[in-house]
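Novice: this one's sequence-less:
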Ligand SMILES: Nc1ncnc2c1ncn2[C@@H]1O[C@H](COP(=O)(O)OP(=O)(O)OP(=O)(O)O)[C@@H](O)[C@H]1O
Ligand SMILES: [Mg+2]
């Protein structure tokens, strides 16, 4: 199994897009750090740091694309046959791809957090302390981490759907579009959601609500009453939906003709 | 001893299209077996099913005694394969590919050996994006062979190979088979197959029509043809017709030799009629005509059986 994960990671490291997008992410973080330095009124340094200098949306988009292509590229290049007719079972192949994407997600979060800390140290050495309070007994740093953790989890909710769609359609365009729509869906339908949830309490358990988890972490107290949900319920809901979507994807992958 | 590959009563459909009908055969260890049949006969489908790429309706597939299904196929560690066209990642080099698919002990030695045997040194460190058709094909073959498996399944392996590469591949297949590797090779290049394969599986419309040895097939069809090049092919044809020799519909002048005297009789006839003979070739029973004959006979039989059933 470990061999397979290493092979998947090896393919990722050999793709030019991996390095180009890493460069882009660093560029975006630097750009927003400078903006925050120059216009601290508009780009408040503390909240810019919490948002990892705008890294998270970029990570989300990039991971949606990477997840779709880790499956569909094998169909596109005709390599799926070769990958499958080895001693490894189909389940192992798919799980190795999940793990590679998990590692890849970690790579992005660790890297962007590292860059954010570096930028903070270089540009806001005197003006911002990561230990200063951000309310609710949290420091700027721990708030940043908790948002990261929440967005990591809800990103994986999207990725589990993207895995499923990439397996179903073998086409990255379809999987990527649904992933991106899913990413914006929560913002678009928040109002509708709250109306529904006021009317039927159980409606809060739908998957779109779960994608509001990171927003809940970055605006403490606001979403809890709006959605009548607690953070732990959000976490649980996310994990359950991730398991369901990955499970269906696993089933589909095991059954299909290649 | 159990055979390296045993397929019993295999049935496979795509939706309601029944593609493989009760396919059964065994491969003997160390043999080179040709899988031949018309386009759409089910060769690739059969190979893919054996490799656990397709679910099948009924029957069994065993490799070295272990059952193969899409869900479980540990036995494929003994198998290398190239199906239809090689799958190549454009962003990896040939070397990366070999490293990715090398398995088991002595990986580096195996990789170097296969590169040298297939003569790929000059481009193996380049990105596969820039490979030509034949280079990709060779890389696909190298990937099938890199673990020096016990059973190798090749679908149209000579596709796009130049004469040197074809010879390299033939030599490699023969050496490896002498060391005990079993090969199942499908190809439409029958002249090449005739030089390679000892056994033949003939498949048509999803059924095995005949499992035989190359020698038996050629002998059973026992047909010999004499091919002539003359100064006046039209006149030759007329003369042969008048003298009641059997000719083939081939555009070249070909006479079917019914006995050992046919050749001298034909030559005498032509010389006596003032025709210069530029070249004479005896075509030993060849795979193409034998195969076409077997397929024709089997279709006739099948049709008769169907008519009787009605
Ligand atoms: N994925 C698929 N879905 C539906 N039908 C298929 C599929 N793959 C193959 N077939 C059908 O199965 C039959 C056998 O196809 P197959 O590719 O095995 O033929 P083949 O013997 O390899 O032919 P060729 O010599 O042209 O390579 C054909 O009638 C084909 O239309
Ligand atoms: Mg084929």
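Specialist: Happy to help now that I have it. Treat the numbers as computed from the prediction; the structure is a model and nothing was measured. Ligands and ions are numbered 1, 2, ... in the order given.
Novice: The lengthiest helix in chain B near ligand 1 at all?
Specialist: If you go by DSSP state H, chain B has its longest helix at helix B:287-309. No - Helix B:287-309 does not reach ligand 1 (CB under 6 Å from any ligand atom); its nearest approach is 12.6 Å. (Each C-beta comes from the backbone N, C-alpha and C, glycine too.)
Novice: And that helix, what's buried?
Specialist: B:287, B:289-291, B:294-295, B:298 (16 or more other CB atoms under 10 Å in any protein chain shown).
Novice: Near residue 11, how many other residues are there?
Specialist: Going with chain A. When neighbours are defined as other CB atoms under 10 Å in any protein chain shown, residue A:11 has 20 of them.
Novice: sorry, should have said chain B
Specialist: Neighbour count of residue B:11, defined by other CB under 10 Å: 16.
Novice: which residue ranges form the helices in the stretch 101-250 of chain A?
Specialist: A:140-169, A:172-199, A:207-210, A:213-218, A:222-227, A:231-255 (DSSP state H, counting those that start in this stretch).
Novice: pLDDT (mean, whole number) over the third one?
Specialist: Think helix A:207-210. Here helix A:207-210 scores 86 as its mean pLDDT.
Novice: Please list all residues in contact with residue 141.
Specialist: You didn't say which chain, so I picked chain A. A:130-131 (CB atoms under 8 Å, 6 or more residues apart in numbering or on different chains).
Novice: Switch to chain B, please.
Specialist: Residue B:141 makes contact with B:82, B:86, B:118, B:154, B:157, B:169, according to CB under 8 Å, 6+ apart.
Novice: switch the cut-off to 7 Å
Specialist: Residue B:141 makes contact with B:82, B:118, B:157, B:169, according to CB atoms under 7 Å, 6 or more residues apart in numbering or on different chains.
Novice: could you dump the helices of the stretch 101-250 of chain A to TSV with distance to ligand 1?
Specialist: Below are the helices of the stretch 101-250 of chain A laid out as TSV (distance: least, CB to the nearest ligand atom, whole Å):
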stretch	distance to ligand 1
helix A:140-169	16
helix A:172-199	20
helix A:207-210	33
helix A:213-218	41
helix A:222-227	46
helix A:231-255	14
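Novice: What are the boundaries of the strands in chain B?
Specialist: B:5-14, B:17-27, B:32-36, B:58-63, B:66-67, B:79-82, B:151-155, B:182-186, B:199-204, B:207-213, B:224-230, B:253-257, B:277-283 (DSSP state E).
Novice: Chain A: which of those is closest?
Specialist: Judged by CB to the nearest CB, the one of those that comes nearest to chain A is strand B:79-82, at 5.7 Å.
Novice: and that closest one, is it in reach of ligand 1?
Specialist: No - counting by CB under 6 Å from any ligand atom, ligand 1 is not contacted by strand B:79-82; separation bottoms out at 13.0 Å.
Novice: Pick out the residue of chain A closest to ligand 1.
Specialist: residue A:257 (6.0 Å; CB to the nearest ligand atom).
Novice: So that residue is in contact with residue B:54, correct?
Specialist: Yes - contact criterion CB atoms under 7 Å: residue A:257 and residue B:54 qualify, at 4.9 Å.
Novice: Neighbour count: the two, which is higher?
Specialist: Ranked by neighbour count (other CB under 10 Å), residue A:257 and residue B:54 place residue B:54 first, with 19 against 12.
Novice: Would you mind giving both backbone torsions of that one?
Specialist: With angles defined as degrees, to the nearest 10, residue B:54 sits at phi -120, psi 150.
Novice: For the residue positioned nearest the centre of chain A, which non-adjacent residue is closest in space?
Specialist: Residue closest to the mean C-alpha point of chain A, counted by CA atoms, centre = their mean, is residue A:155 at 2.8 Å. Excluding the flanking residues, the one nearest residue A:155 by CB to CB, 6 or more residues apart in numbering or on different chains is residue A:60, at 5.4 Å.
Novice: Which helix or which strand is home to the one you found?
Specialist: Here residue A:60 sits within helix A:55-76, counting by DSSP states H and E.
Novice: That helix and ligand 1 in contact?
Specialist: No - Helix A:55-76 is not in contact with ligand 1 by CB under 6 Å from any ligand atom; minimum separation 12.6 Å.
Novice: Show me what the helix or strand following that helix is packed against.
Specialist: Downstream of helix A:55-76, the next assigned helix or strand under DSSP H and E is helix A:80-84. For helix A:80-84, the elements it packs on are helix A:90-123, judged by 3 or more CB pairs under 7 Å, 6 or more residues apart in numbering or on different chains; DSSP states H and E.
Novice: Tell me what angle the helix it packs on forms with helix A:140-169.
Specialist: Angle of helix A:90-123 versus helix A:140-169, following axes from the mean of the first three to the mean of the last three CA atoms, to 10 degrees, is 150 degrees.
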